[in-house]
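K.L.:
below are the sequence and a predicted model for it; my questions follow.
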Amino acid sequence: MTTENPDRKTNGAESQQAQTQPQQETISYFGYGEKDFFNNWAEARTRFFRPVCSYLHRYGITADHLTLAGLYPMLFLFFPMFYLRLRIMGYFILGFHLLMDAIDGPMARFQGVQGNKGALLDMVDDLTGMGVVVITAVHFGYLFPFIGMVYVFSYLYMIVLSVGQNLAGNPFRFVVKTKYPFYILFVLKASYGVDWLDPFAAIASIYMVIHSIYAFRMLRKKL
């Protein structure tokens, strides 16, 4: 992990209730200046994956099923693949995790059940995937342990506090996303020894620590 997924899901009963109840704030860590872009991106993904969603829908597959299908292999198999020196299988698991994260939102939109329940599961999926990759990178020597520790904690704080800011009605304009560059640099380091992961994680951690401190201060003033 996408953490709002502006296209995430809720159950059908809640969709009907939403017509008569005030609209709730969506669980999201996107800044208000990015929402139009990500909403358009979500719509484009929905159109692209519509044939896949239609096919899976016939067999009773839901967006939550897709999210969990990407989460469980990541949680239980990614690290063992590197321990067994089967990096290619590890990359496949990571790619499948990201693919399921890309399809679950379009599936929710296709089924008309997008909402906060799915957005919350998406956020857990995103944070779990990041945690597993960082632990793997540190254990096998691809990432300096202290940098990895600071990176994963600052990533967690940034996500949670940015969501809090949005729910409090005081969002940031932009939130810099570091997940995908981190994953790419992890693969380059593990496969080819390209040593950019440590400096990238260190710089990203500095940004996320500053972001988190500022978000915490602003959120405390708002409460």
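P.N.:
Alright, I've got the coordinates.
K.L.:
quick check: next helix or strand after the helix or strand bottoming out on mean pLDDT in the chain?
P.N.:
Every helix and strand in the chain was compared by mean pLDDT, DSSP states H and E; the lowest is helix 12-17, with a mean of 44. Tracing the chain C-terminally past helix 12-17 and defining elements by DSSP states H and E, one meets helix 35-58 next.
K.L.:
any buried residues in that following helix, and which?
P.N.:
Of the residues in helix 35-58, those with enough neighbours to count as buried (16 or more other CB atoms under 10 Å) are Lys35, Phe38, Ala42, Arg45, Thr46, Phe49, Cys53, Leu56. C-beta coordinates here come from the backbone N, C-alpha and C atoms, glycine included.
K.L.:
just the CA coordinates of it, formatted as CSV?
P.N.:
Output for helix 35-58, consisting of C-alpha atoms alone and laid out as CSV, is shown next (Å, rounded to 0.1, in the frame of the first residue of the first chain):
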residue,chain,number,x,y,z
LYS,A,35,-8.0,14.3,-3.9
ASP,A,36,-9.1,15.2,-7.4
PHE,A,37,-6.1,13.5,-8.9
PHE,A,38,-6.6,10.3,-6.8
ASN,A,39,-10.4,10.3,-7.4
ASN,A,40,-9.8,10.5,-11.2
TRP,A,41,-7.1,7.8,-10.9
ALA,A,42,-9.6,5.6,-9.0
GLU,A,43,-12.2,6.1,-11.7
ALA,A,44,-9.7,5.2,-14.4
ARG,A,45,-8.7,2.0,-12.5
THR,A,46,-12.4,1.1,-12.1
ARG,A,47,-12.9,1.3,-15.9
PHE,A,48,-9.7,-0.6,-16.6
PHE,A,49,-10.5,-3.5,-14.2
ARG,A,50,-14.2,-3.6,-14.9
PRO,A,51,-14.0,-6.9,-17.0
VAL,A,52,-12.0,-8.5,-14.2
CYS,A,53,-14.4,-7.3,-11.5
SER,A,54,-17.4,-8.5,-13.5
TYR,A,55,-15.9,-12.0,-13.8
LEU,A,56,-14.9,-12.2,-10.1
HIS,A,57,-18.3,-10.8,-9.0
ARG,A,58,-20.0,-13.8,-10.6
